Each structure stands twice: as C-alpha cells, then as structure tokens.
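# Output the structure for:
(2 chains)
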Amino acid sequence: MNIAFAQPWALILLLFALLPFLGGIFHKRLASWNRLIPASDVTRWANRIIKLLGLLAFTGIVLGLAGMYQSEKTFTRTGTGAHIVFVLDRSASMNETFGGKVPDQDTPAKSQVARRLLSNFVDERPHDLFGVVGFSTQPFFISPLTEHKSATQAAINSLTSPGLAFTNVAKGLGMGLSYFQDQPHTGSRVIVLVSDGAATLDHRAQRVLREWFERYQVSLYWFFLRTENGLGITSEPGSARDDNPRVMPERYLDQFFRTLPIPYHAYEVDTPESLEAAIDQLDDLESLPLVYNELIPRNDLTRLCFLSALLAVLLLVGIKALEAK
Amino acid sequence: MKSIWLLISSALLLLTAVLMPNLPFPSKKYDYFFMLDITRSMNVQDYQDNNGDPISRLEKVKADALLAIQKLPCGSRVGLGVFTERMPTLLYTPMEVCSDYPEIRESIRRIDWRMAWVADSNIIQALANTLELIHTVELSNTTLVFFTDGQEAPPMNSRYAPDLAEIQFAEEDRNPIKGIIIGTGDHALSRIPKYDEEGLQVGFYTAEDVPQGTTFGLPEDPSQIEGYVPRNAPWGNQARAGSEHLSNVKEDYLKSLAEPAKLHYHHLQSANELYDAITHEDFSQRQIRQTDLSFIPAALALIFLFLAYLPENLLSFKHKSRKIMSGKLNS
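Got it, this is the predicted structure:
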C-alpha cells in the first residue's frame, strides 16, 4: 500500500479531528447534582464510540480533500514477448513508392506503408517494449525502449516527415544496439532494420557491429524495401566486375549479416502486402518468455474517504436524533 | 448551534460528494512542436548552469525546455524535431506531457549536435521549411517553438530569402502556423568550438575557416563591391574580413523573421521566462476535461460538521462555569 496525497497541505485540516474530544454534538445540560447521574460502563463506551465517529467523520473528509490515492505500482509478470528496437531508414528515397515514383493518392510512399504496418504491429504486441531509432547520414535517437505505446506510436509517426540524406546503416544499427546496454536480459531482443538501401561497411564498423551483436545477443530482422527493378538482397551480379560492395551494397550487407553469430532474417519486400507478411512472421518468431512489468495505475481513494465520512455522519445524525429534547 | 440540521446538511453534502459524477470543466492546454537548431553555432558555450559553469546553447535549450515542459498542465502535448542546414525533421508527433514524460525527457536529453546530417546553417530556409513541414505532417494546430541562435553559416544573400509572409498567408485554405522564435545565446560574440569526428574539441573556428560573406547568386548592388566583374568576379576580388567565425544571438535578425510570419519572439534566459513566453494567451487551447469537483461539497460538509462540533462550551467556558458557580438554573 503506497498511500500518497495530491494536495498534502490540506492535511493541516486534520487538526479539526480533535474537535470531538474537546466538545460534542449534544447540548450541555445542567444537572442539579452530577452524582445523581453516575456514568455507567455503557455510557462511557457509548461516549467513546460517539467521539470516534466524530474523529472518523473529520478524518475522512480531510483525507478526501487532500486527495488521498494509492500510487501506481508495477507488478513483475512473466509472459511472452520481446524488446524490439526499430531502426528506421530516413533517407530521401523512402519518400518514393515501391514503384520508384512520386507517391499519389492510391500508391503511398514506402515510408507511409512502413509507418502504417509498424504501427499496427505495435498495437498487437501488448507486452513488448519498443524503441525507435532513425538514421540517415547520422543516427538520431527518437524514443527509448518503453512500454508506453502512445510514445512509440508518436515516434513511428516520424516516418511521415520527408526523408533526409544518405543511408548510413552502420551508425543506425550502432545506436539501435546501444539501447540494450543497460537492459536486463529477458525475452527476445530484436532489432528491426527497415531500409530501402544499403551502404558499404568499413572494417571498423564491421568489427564493432559484430562485437555488439554478439555481446547483447540481439537478433536481426532486415526488412529491405526494394524499389521495383532495383537491386535487391538476392540479386546476382551480372558480371564479375559488378561483384563488389560499391555496386551491390545490399548483397554485401546481407552477406555480412549472415556471418553474425546471431539469428538473422532478411525479407525482401517490394509490395505493401509482402511487408505485412514479413511482419506477421516476426510476430510468430519472437515470443520467448519475457519478464515484463505491468503497471497498475494510481487508484484514487477520495470517494472512499468521503464515503466513510458519510457513514460516520449518518450514524451521528441517528444518535443526535435520539438526544433527549 | 447544536442543531441536528447541521449534521444532516453535512451528511447530505457528503452524499453529493460521493455520488457526484465528474463534470466537464473547461481548462487550458497547450500543443507544441519544438524545433531545435542543432547546427554547430549551438555549441557555443555562452550560458551558465546553476553552478556557474559554462554550458552550450544547445544544453541550455534542452534543460530549459524540459523544465518548461514539466510545468505544463496535463493534457498538453509536445512534439519534437531538429533541423540543420535548411532541413527540419520530425522526431515524433506530440506526446502527452504527463503520461509520456519519461520518453519526452529521455529523447530531449539525447539530442546531440552530432545528429546533424549536414553541416550548414541556413536559418530562414529552415524556418520556411519547418512551416511547410508542419502542414505536411498535419500538425498545423500545434504551436511552433523554434529554438535558434540565428547564425546563418555561410552568410546568406538576402535577395534569395524565402518570403515567410507568403508561406504563412498566401494559401487561403490553410491556417497560418502560430508560434514563437526563441533566440538563444548571449549578446556578446563568442568563439565557436570545433570538434573532430569523435566529438572531441579540437579548438575553435578561426576567421579563415568560414566564409565571411555570401558569394551565392548575384549581388544586390554591384557598385558597392570592390573589383566587381560581372562574369569573373561578381562578388569582387578582395578578401573580406568579418566576424562570421564568432557567434552571438542575432536578435534583430530573428525579430525580422518573426515579424512577417506573425510569430512571437523571446530571448532565452531562464526556464520560467521561457514558460511564460510559450504559454502566452495566443497559444492556449481550451479543453473540456472531466474534472472531479467533489471537493466542493466535501469542503462545505466539513464546515457544517465543524459548526456542529463548534464547542459552545469552549467559547462560553468561563461563562458556563460562572453560571455553575452562581448556582442558577437555566432552562
């Protein structure tokens, strides 16, 4: 029981609760001689009860006025779920449709499709923690790993804003991995890379990413939003001359990810439907036992206080009605 | 004063307090879109924290913006974006400041100048693009809070500046954006720190590091330019001296941006003044909140109960004892 008050200053009014002990609700009557009406045990108890009722009435009202509530609690529970970090490509090409055209009414941009589907996905996974990272030439922190779905939805909405510059996958993944630095290891840990392009990774970036993926044991999903007729993950080089990371960065990034000592799934997505299918598969795969915190929201006790005061006052009214006139 | 009616009234009032539903009650709220300048001039350390240590403009903006957010009434919302060069971007659409405060705090703390994807600083273009962006992402009823020091780097040619009044008022089917420009920085010129790729400071920008004047487009008045040759040297043949490698808050410039766009202007000094500036009457929105007003009958019930207990014996104690001593009976 964590009891707290919204307006603790009102507790000063508790001094009123002393009133029942200073006086009573009855008229003082003069008796010719006090010894003529000796106090019996019953009278003493009745007196005490009446005083206690008064105390209860005052205390109830004052505690209610002070806004008594039971503060929010978190319960640790076990369920299935994951810690998921979305690493979102915010490069300029995300503004185009899957057909590589300027979006119109019927064919939304890749970023819009991704936003809608990710947003649905977040809604369907109640116990997961989500974090969001954006990246273009530089990574940027958007929202931390959190169970607040409203915050995650607001962060995913960043995909509505036009894309920026280039695609620097390494830095985006680096920031995504950094989210797991101080997290307890429970449930699945997932990075979902949503991008429509790739970039070459230098040796230093490769080494750091390999080390971090291994240390934090994060599995990787790559949703590659392929533009129609563009190069994809599985494209074969036309000639040996084209078989290099400059010409085919997607192929080489995929090959690098395959060498990582973690579960890795790549989905080449070229229609909104295939993106949906890929997200469904992620939904099925990532359900390890997860220790999560369930938040019990604060419980307002104001009405309860007033109710107890009401009962006390009603009893007092009854007693007062019995008073000899 | 010992009437039973006092107790009965008290009971009735308490009954009202218990049964009363939450009533719709108008209150104020604010919806903001905070846009932060993360260009390099924001690294100038010309503010001080509580200990008197120098902090950068960006750190000051982050700290004071958070303090101001803490004071906002629940139901208010804050969205966040950053800009560099002339390009703003949205980090998130507005979140509610009470329930999502931990996320807002963390995301503001993590804003860093190294998020900048390009290096120039073109304030007026960024402002114009921010106004457009707000329409694109459908946040046009939020209040723009635009934090910047007004340092154009490289200096711009005012002939090619966008017309903010046109962006705001030309299209009739959309409402102009309400907002405020927050000028950051000291009035005195300071040196701009220079960092390497790892974020370590490697000195300050010097006069040779930065262009001291614009060389973009055509000059307004060629007769003013020494060594003007229309084709080969439209900006003259003289090296120009200047103080573009130093930075202060360009208040006059920022006010001249705010004026045609009908935005407010405020110079950032303290979190409290910032709060007052952004909670100006023009920016507040009325919201109808279900408000618990049961404290009103309860407080009245307390007063009646107090009167019921008001000890006549306490007030008239001497009086009574005198009466008893005098031995008179009183009906």
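# Against chain B, how distant is residue A:171?
Separation of residue A:171 from chain B (C-beta to the nearest C-beta, to the nearest Å): 10 Å. For glycine as for every other residue, the C-beta is placed from the backbone atoms N, C-alpha and C.
# Please parse chain A into its domains.
Under the assignment automatic domain parsing, the domains of chain A span A:3-71+A:297-321, A:79-294.
# Redo those domains as a markdown table? Include mean pLDDT and distance to residue B:137.
As requested, those are exported to a markdown table (pLDDT from 0 to 100; distance: least, C-beta to C-beta, whole Å):
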| stretch | mean pLDDT | distance to residue B:137 |
| --- | --- | --- |
| domain A:3-71+A:297-321 | 85 | 30 |
| domain A:79-294 | 84 | 5 |
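# out of the ones you listed, deepest packed?
Of all those, domain A:79-294 has the most neighbours on average by mean count of other C-beta atoms under 10 Å in any protein chain shown, namely a mean of 19.
# And that domain, how far out from the chain middle?
Centroid displacement of domain A:79-294 relative to its chain, using C-alpha atoms, centre = their mean, to the nearest Å, is 20 Å.
# Residue A:75: neighbouring residues, count only.
Close neighbours of residue A:75, defined as other C-beta atoms under 10 Å in any protein chain shown, add up to 9.
# Could you identify the helix or strand that succeeds the host helix or strand of it?
Taking DSSP states H and E as the definition, residue A:75 sits inside strand A:73-89. As assigned by DSSP H and E, the chain's next helix or strand after strand A:73-89 is helix A:110-124.
# related to what we said a few turns ago, mind giving me the packing neighbours of the strand holding residue A:75?
strand A:129-135, strand A:139-146, helix A:169-178, strand A:188-195, strand A:288-296 (3 or more C-beta pairs under 8 Å, 6 or more residues apart in numbering or on different chains; DSSP states H and E).
# Relative to residue A:218, which of the ones you listed is closest?
Of all these, strand A:188-195 sits nearest to residue A:218, with 4.4 Å by C-beta to C-beta.
# distance of the closest residue to chain B within chain A from residue A:54?
Taking C-beta to the nearest C-beta as the measure, chain A has residue A:23 as its residue closest to chain B, at 3.0 Å. Distance of residue A:23 to residue A:54, computed by C-beta to C-beta, to the nearest Å: 9 Å.
# any residues in contact with both of those two?
Common contacts of residue A:23 and residue A:54 (C-beta atoms under 8 Å, 6 or more residues apart in numbering or on different chains): residue B:309.
# first to last residue in stretch B:187-204, what's the distance?
Counting by C-alpha to C-alpha, to the nearest Å, you get 19 Å between the two ends of stretch B:187-204.
# What residues of that stretch count as buried?
By 16 or more other C-beta atoms under 10 Å in any protein chain shown, the buried positions in stretch B:187-204 come out as B:190, B:192, B:193.
# residue contacts, the second one?
Contacts here follow C-beta under 8 Å, 6+ apart; on that basis residue B:192 touches B:40, B:41, B:43, B:44, B:204, B:205, B:245, B:246, B:247.
# Pick the one among the buried residues of stretch B:187-204 closest to chain A.
Closest to chain A, out of all of the buried residues of stretch B:187-204 and judged by C-beta to the nearest C-beta, is residue B:193, at 18.3 Å.
# which residues touch the closest one?
Counting by C-beta under 8 Å, 6+ apart, residue B:193 has contacts B:40, B:43, B:44, B:45, B:201, B:203, B:204, B:205.
# which one of those residues is nearest residue B:118?
Closest to residue B:118 out of those is residue B:40 (11.2 Å), distances taken as C-beta to C-beta.
# how about the nearest residue to the closest one, chain neighbours excluded?
Computed as C-beta to C-beta, 6 or more residues apart in numbering or on different chains, the closest residue to residue B:40 that is not its neighbour in sequence is residue B:192, at 6.0 Å.
# Can you give me the pLDDT of that neighbour?
Per-residue pLDDT puts residue B:192 at 91.
# List phi and psi for residue B:290.
Backbone torsions of residue B:290, given as degrees, to the nearest 10, read phi -70, psi 110.
# what bridges to it?
residue B:24 (DSSP bridges).
# and it, how many residues sit next to it?
Here the number of neighbours of residue B:290 (other C-beta under 10 Å) works out to 9.
# one step back: from the contacts of residue B:192, which single one is nearest chain A?
Of the contacts of residue B:192, the one sitting nearest to chain A (C-beta to the nearest C-beta) turns out to be residue B:40, at 13.4 Å.
# residue contacts, that closest one?
For residue B:40, the contacting residues are B:113, B:116, B:119, B:121, B:153, B:192, B:193, B:194, B:205, by C-beta under 8 Å, 6+ apart.
# and those residues, which two are the farthest apart?
Greatest spacing in these, by C-beta to C-beta: B:116 and B:205 (15.4 Å).
# who has more neighbours, the two?
Of the pair residue B:116 and residue B:205, residue B:116 is the one with more neighbours under other C-beta under 10 Å, namely 22 against 18.
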